[in-house]
Every structure is written in C-alpha cells, then in structure tokens.
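K.L.:
attaching a predicted model along with its sequence, questions to come.
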Amino acid sequence: MSAGIDLENVCCDFGTFRAVDNANVSIKPGEFFSFLGPSGCGKTTILRMVSGFIEPTQGAIKIGGKDMKGTRPNQRPTALIFQNLALFPLMPIWENISFGLEVRGVDKATRRKKAEDLLKLVDLPGAADKMVSQLSGGQKQRVAIARALAVEPQVMLLDEPLSALDLKLRQHMRAELRAIQKRTGVTFIYITHDQGEALAMSDRVGVMSQGRIQQIAAPRDIYDNPVNGFVASFVGENNIFEGEVGPVADGMAALNGAHGSFRARVLPEAQGKALKLYVRPEHTLLTKVKAAENSVEMEVTEVAFEGAFISVHGQAAGGKRLSAEVKNDGVTVVPAVGEKVFATFDAARALLLPDANVRG
Amino acid sequence: MSRNRAFLGQLYFGLFILYLLVPLIVMAGAAFNDSKLPTVAPWKGFTWAWFGELFADQTMWGAFLNSIVVALAVVALAVPIGTAAAIVLNSISGKYRATLYGFMVAPVLAPGLVIGISTVLFWNQLGQTVGANGFFLFGRGLHLATLGQVSYIAAYVMLLVLARLQSFDPGLEEAALDLGANHGQVLRRILLPHLYPAIAASAAIAFFQSIENFNVTLFTKANETTLTVYVFSQVRSGITPKINALAFLLILLTLVLALAYEMNRRRKARIEAEREAEARRAEEAML
Amino acid sequence: MEDLIRRYGTGLTAVFCLLVAFWILVLVILPNFSMLFESFFPYLPVAELGGPKDVFTLQNYEKILANPIETNWFGIPISIPVHISTFVDTVFFSALVTFMTLILAYPLAYFLAKVASPRSIPTLLLLLFIPMWVSEALRAFAWYIILTFNGPLNALLKGLGIIDQGIRWQNGVFTSYDAIVIVLTYCYVLFMLFPIYTAITSLDTNQIEAAEDLGSPWWRTHWRVVIPHAKPGIASGCVMVFMLSAGSLLVPTVVGSTKANWFPQTIYTWFNDALDWNTGAAYSMIFLLVCIIFVILAMRLFKVKLSDIAK
C-alpha cells in the first residue's frame, strides 16, 4: 500500500543556481517524513521532483525501489497536497475528491460511494454536494487530503498545507493529519518551515539549508543533538559562546573564550572543525552563586512573561546577550531586572558545533 | 460638497442616457407612424402596417438568415482561435510575447475597410496562383466576409480569455495531472470550465460583432448580403418605415437580452454571497 | 513553449499553435502583404494580366495627386488635389470627433468609477451598453431621421420658437461635415467611455482624498492625479474612436451631405464602382500608414505601450 522513497545523489539546477545539492535520503514505507527549512532552502524543489513536475539534473529518485526517471506526474504513485490546496472551485466537493478516479474511467456510482467514504474518513460527512466556496479553511484542508487519498497513492506529498490556517486550527489539524497518516499507513512527505509542525508530527525530520540536507534524524534528536549550528538555531533558541577548543576526551572538550572556560559535548563528526558552544535557554539555569563549572555572571535586562515559562534576558561582560527560561511553577524564583545572577548549564546539555554545511 | 458632486454626477448620467436613448426612441417610434417617410414629427396616426411590410420582405429575410449563418461561422472559428491564442500568449514571456501580441491586436486597431480589401486581394491572388481563380472560394462572397471578420473578432476573444486566464491558478492543472489526469482531461475538466464564462461572453460578443459588422462585409461580399448591409442599402435608396419596424424589433430584442442578463447576474451574486456566509459560519463553528 | 508542452502535452500544443498560425499568417499577415503587393501593379483587364504592361509601378499612388480643386482652409484659398483634400478633412474631423467624445466621456467615466455607489455599477453599465448593442447602421439611421429637413429636430425647434425656418442640418451649419461629426460622436462615445472608466477604477480612491486633504481644488486633483492615472485609458479611447471615425463608411454615406466626402468613400469608389482594386489597395495602404502613424504618435504622446491601448 505504501512505498519507500530513495533520493540518491539528487541535484537540481535552475540555470546556474543549484537549488538542491546532492541530496541522499531513504524514506521508509509508512513513515511520516518532514523536510524542514527556511524558504528557498530547496525543500519544495525536492517535493516537486518526487511528484514529477521537475526532473533532477543529476541523481535518481526511486519510489518503491523503481527509478522514476521519465515517469510523468500523472503516472507516479504519488499524490500532492498543494500549499494553496488547489481544490477545483467549479466542481462540487464529491467531484473534487473523485476526480482522480474519474480520469481513470471509474463509473459514477463507485466514485460517489468512494467520495462519501473518504469524507467520513476525514470527518466531513454530508459535505459531498457543497461547493468549495462554502467550506471553511479547515474543511478545505480535509477535502484536499481526501482528494489525494482517493487515488490510493503510495506516497502523499504535502507542501506546507497548514500555512494558511490560523494558529488554533493549525494545531488541531496537526493532530488530525498525524491520525490520518497512521490510519491509512501511507508514506507522508511533509514540507514546512515551521519547526514546531515538523517536530510534532514527524517520525523523522530532514533539516535543509541552501540546497543541502543538514541532518536527518528523529525530532528529539534534531532538537537535542543537532549536528551543526544551523540546525541548532533553526529548531530553537541558543546561547552561543565562541573560543578556542581544547582536546577531546570521552566525547567532551573544553572551550576557552572571553567569558571563561566551558566544558561541553562534541559529536565525533564535528571534531577537527571550527566549533562554537550552543546551549538552549531552557537548559540554562539562573543561580545566585557561581557554580563549579559552566557559569557566567550576567545582569538581568528584561523579564518577559510567556505563560508556561518566563523568559529572562541578560547581558554578560562585553555586552554578550544571554537568555534563560524559568518555569512558571510557582516555586522557582524569578530574578528582577537589574539583578546580577549566574547563567549556569550542565556540560551534558551543551554542544560544540560547527556552522552549517554549505558548499564551497 | 460630496453630495453635491454625486447629484451633479447623477444628473449628468441621466442626461447622457437620455442622449443615448432619445434617437433610438425616435427611430422606434417612427415605426408606428402612418406616414410614408420614417419620421415622428408630423404624427399621422398609429399603424402596424410597416411590420406587415417588413415581414413580407423576402430580401430582408434572406439577409437576416445570411447574417445568422455568417455570425455562427465567425463564432465557430474565432472562439477556438482566440482561446488558443490566449493560452499560447499566457505561457510565453518576453520579446516574443510582445511581438505576437502586437500582431494579434493589430486587426482590432486596423480600419475595417483595410481588412476587407486585403482579404479579398489575398484570396483572389491565391486563386490566381493555384490557377483556380474562377472557383467561387477565391472570389468575393460571404465566406470571405467570415474570414475577414474572424481576423479581428478573434482578437476580442483572445483579450477576454487572456484576462480570465490571469485569474487562473496553474496549480489546479498540476493538481489534476498529479491525480492522474492526462493533458486532454486537464484541458476539458480544469482549464476550460474556468474559462467558460469568458468563452461564453466572447462567443456572444463575437456573434453580435459579426451581425453588426459593416465595413469588412461591404468590401468582401458579392451578391448575397447581410442584415446590416441590407439596412444600409435601404437607408441609402429611399427609405420606408419598415426599417423602423425592424429597428424596433431589434431594440426590443436587445432589451430582453439585457434584462435576462441582469437578472442572471443578480441571481449569481446572491448565490455566491450565501456560500461565502456559510463558509464564514463553518469557520466560526470550528473555533 | 516548453511550459505549454509541459502543461498541455505535444498534441494539444500543436493544435493551439496551428490555430494561432492560421490566424496570424493566413488572416492577418499574408492579406496585408497581398495588398501591399497589388498596390504596386496597374489595374489591367484579365487578358493583359502577365503581359508587358503588368509591371511594377507607382502610378496607383500618383492618382491621389491628380485633379486639383480650389478650396479654402480657415479662409485661406488654396488649390490641392481633391483626394488629398478629402483625406485631410477626414483626418481633421476624425480628430474633432475624438476630442468631443473625450470631453463627453471623461466626466461620466469619473462618475461611474469614483462617485456612483459600487452596488449600482453593473446596472448602470448595462444601461449604457444597451444602445451600443444596437447596430451602427440603425444608430446612424436614427440620426438621419432626426436631422432630416422635415424631421423632429426642426419641428421641436420651431415648436419652441427658437427658429422660424427649418435648418438643413445635413448640409451643415458651420461646415458641411457637421452632421457626420455629430453622428460619429454619438456612435463612438462609448468606445471612449469604457477604457477611461476601467483606467480610473484602478486608481486608489485614497489618492484623490489625499490630494483634496492637502488642499487641492477639484480641477487640480483631476489634472495632477486622476488624468495622469487614466492616461492609458484615454490613449486607448482616443485611438479606438479615431480609427473607427476615420474608417467609417456607413455614417458619412447615410448622413453626409454631397459636399462632405470621407476618405473611405473614395476608397470604396475605386474598389467597388471603378473596380480598380489596385488603386483601391494603394489608397488603403496610404490610409493604413496614417493609422499606424497615429497609433505610434498616440503611444509616444501618452507614453503608453500597445498592450495598454488594446484592452
């Protein structure tokens, strides 16, 4: 029912511009895989290559082990959900959903039945005879999914389909998409620039920048063990320290810089490169006294209440900006503006990372 | 100040409409005047006689039929040509687009008599070249009138369809291709339905432009004539009010069509407003 | 082209291209070449076609310089060839018609675009469209009835006591072209209205309000804000009205006096009465050339592109 997708050394050039550079991914059947990255990073180009609207300049795209070279979009076992959904405005909902069957010559009664079944699956029973303009944003979303499912694709490709919705609905639809994917077992490839979306829904995430895949890993790994500074910064906030990196022992190394000496983890593949220290604000504690290691004095400049947590910003020596997140649990003491505190972090929570993996 | 301006505007609009309509009313009114000359000024009594005379006029009926046939032929040629031209134009860009566009709209700006003369000369010369200049297809006649009219009416179709194409989302075509449709199905089920309003409007415009056409037809026709040319020749050679009777009927037809169009438009606008309201309610219900 | 094939496949693309090629080549370009070609060959009986006389010549063009007549322009008596005189009159009075339609149409276009309530616009436009759907032949005929000596206009004016004697409108009061100018203005004013209306509609109303807010009087707002924005529409309207007027054969024939000759009538005489198609072709080449020059002039003057004019 569902198929795996392999990208083997895939490159795509537009004139002299290389949109995708040597992409290698193996997506498993039934997996929910996201490509995450800022706009222009090449993720949409990958999606369009898989769906067949663009041919790769080099490399091979295999679906279910079969090379797709020369196979046109209408012959591939994929179904694409467009960013703007691309529902056909002049057809009623049921014709939209069963369009893929109509062009395959399926008779009307079967098509109608299938459309109604799919509408039940996406929780929109009774919408069959409505027009697209009668539906709300979230309802249109479900119709688009039903339309893609109708052709029983082995792979579903989703191009930021939630970006047009407002926050509340977007969160609701995340869970729904995930549930539909589990129910149908179809491989999902999801494109987004919203890290929250990618991390919440996916089995694995591929983070991209400037045409290159930076890291492929499970959401937790992406967040906790980013392979470089770009990934660390794209999926969350960081306090960053620069300095000289000492020798590595047991996967740990020291960094000596203007703000003192720190200890942090080093991944094996990062050794030998120019490294900076990254630590997340929520892993940064604020203490009244200086800790034994990894502790920097700072003056609190701003305290922002965010609801579940409180974001504390401060300045260390030389104007270095640092931030920490304090849980709003009613126990932790929140420092006031102007107060001097120590920003302290666990060496196991800090990482020494190179910059992004770019060409040249 | 502002209300003053709106009032002046309405007054001017009213006067303008009067200016446009009075001559037509005078003309239509003369159809019922029992006078040998078409006029309303000495009113000599009401009569239906001119309608009877009009209906008895075999030449008029022949010309009427010719007009319809030519107009249908023009629609049949100009609509596909203009639509194809719009699609082609819409998918190319840069220098070639500007040049092609120039050639396409040139016939709209060119005087009708130039189109008429050049069409006649070209087909005549083609006939001589292939050695069949006696063959009727290369001589003057309503078939050349049709081709001459198509050469500029296709441009109207192209402009209307092109405008509509601008609001088309090419993503819909990709979506259809992605769902497995072939190119013919994409055209028939996705693109053409989107263009239908423009195609229908341009077919109507092409039809009426053809019926109205005078210049091209006058230069390209042989013995067979069209309604507009018939009216012209009647007006030139001693008029009787039966032309007014014809004018009255044509104006009546125009009014009926306009009324039907307006009612249809209002109905559609109402349906669309209701749908949008429903979508808004659905949106609110979800949150 | 690649885009076309990708979207519609090779077969459909070929069909589209064939249709366009038929139109542009067979219906537009080749006929005009044919006309240009024929205009350089003499009019001969069928027997002499291809004979020694059937050679390249400019004699068709020279005919426009024949038959000088005495006339006067603005009181200055001059002697010019009759066809040149007709030609100049046609261009001059067509320009006059263009100007009059502009004066009539601009205020109405502004009213429709910016003053009238948006809800009523479709209905108002439809009201204006109705007269345009009535054929030009009938509209000219309507004015023929009105302007005729024993017609309603004279009757009305006499009834109101404004005049004692009927006026022969068709012979003209100011010039012999009066009737033609009146009727052409009536027939083509809507071709001026719609392009200007469309152009003004696209003007952001805030700009007008901003100008007024800054203390601009109404005429200056129009001169500095509205008219510059409406320029493409005005250019489009002017070109359309001028072309239609100068190219009209119907109106001058129906309402024109015997003294008022219109250039298309001259061409029609060569073509249809004298059956000299070659001279007809030469004359219409001259006519076409002037039209092209007019369009280029209008584009230069209003600084607009062809795609702005033809909308």
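P.N.:
That came in fine, so what should we check first?
K.L.:
got a list of what residue B:43 touches?
P.N.:
Residue B:43 sits next to residue B:33 when contact means C-beta atoms under 8 Å, 6 or more residues apart in numbering or on different chains. C-beta coordinates here come from the backbone N, C-alpha and C atoms, glycine included.
K.L.:
tell me which residue of the stretch 151-300 of chain A lies closest to chain B.
P.N.:
The nearest approach of the stretch 151-300 of chain A to chain B comes at residue A:151, 5.5 Å away (C-beta to the nearest C-beta).
K.L.:
how many neighbouring residues does residue C:28 have?
P.N.:
Other residues lying near residue C:28 total 23 when counted by other C-beta atoms under 10 Å in any protein chain shown.
K.L.:
is it in a helix, a strand, or coil?
P.N.:
Put simply, residue C:28 is helix when judged by DSSP: H, G, I helix; E, B strand; the rest coil.
K.L.:
one more: the one 3 residues further on?
P.N.:
When classified by three-state DSSP, residue C:31 comes out as helix.
K.L.:
rewinding a little: isn't the residue of the stretch 151-300 of chain A closest to chain B up against residue A:76?
P.N.:
No. If you go by C-beta atoms under 8 Å, residue A:151 and residue A:76 don't touch, sitting 10.4 Å apart.
K.L.:
could you chop chain A up by domain?
P.N.:
Chain A is divided into the following domains under automatic domain parsing: A:5-229, A:237-353.
K.L.:
again with chain B
P.N.:
Split by automatic domain parsing, chain B gives B:1-47+B:243-287, B:59-240.
K.L.:
what's near enough to touch residue A:83?
P.N.:
Shown in contact with residue A:83 (C-beta under 8 Å, 6+ apart): A:159-161, A:163-164.
K.L.:
now do 7 Å
P.N.:
A:159-161, A:163 (C-beta atoms under 7 Å, 6 or more residues apart in numbering or on different chains).
K.L.:
next one: it, what pLDDT does it get?
P.N.:
Residue A:83 carries a pLDDT value of 85.
K.L.:
now residue C:251
P.N.:
So residue C:251 comes in at 90 (pLDDT).
K.L.:
check residue B:96 too.
P.N.:
Reported pLDDT for residue B:96: 86.
K.L.:
do the same with the one 10 residues further on
P.N.:
If you check residue B:106, the pLDDT there is 87.
K.L.:
contacts for stretch A:315-333 next, please.
P.N.:
Stretch A:315-333 has contacts (C-beta under 7 Å, 6+ apart) with A:237, A:239, A:258-259, A:281-282, A:284-286, A:296-299, A:301, A:308-314, A:334, A:343.
K.L.:
what distance separates it from the centre of its chain?
P.N.:
In terms of C-alpha atoms, centre = their mean, to the nearest Å, the centre of stretch A:315-333 is found 27 Å from the chain centre.
K.L.:
return the helix or strand in chain C with minimum mean pLDDT.
P.N.:
Every helix and strand in chain C was compared by mean pLDDT, DSSP states H and E; the lowest is helix C:306-309, with a mean of 68.
K.L.:
nearest residue to residue 130 in space, please, no chain neighbours.
P.N.:
Defaulting to chain A. Leaving aside its sequence neighbours, residue A:130 sits nearest to residue A:93 (C-beta to C-beta, 6 or more residues apart in numbering or on different chains; 5.2 Å).
K.L.:
please refer instead to chain C.
P.N.:
residue B:258 (5.3 Å).
K.L.:
assign the one you found to helix, strand or coil.
P.N.:
helix.
K.L.:
can you count the residues close to it?
P.N.:
Residue B:258, neighbours per other C-beta under 10 Å, totals 15.
K.L.:
next one: the one 5 residues further on
P.N.:
When neighbours are defined as other C-beta under 10 Å, residue B:263 has 10 of them.
K.L.:
so how far is residue C:290 from it?
P.N.:
Here residue B:263 is placed at a distance of 46 Å from residue C:290 (C-beta to C-beta, to the nearest Å).
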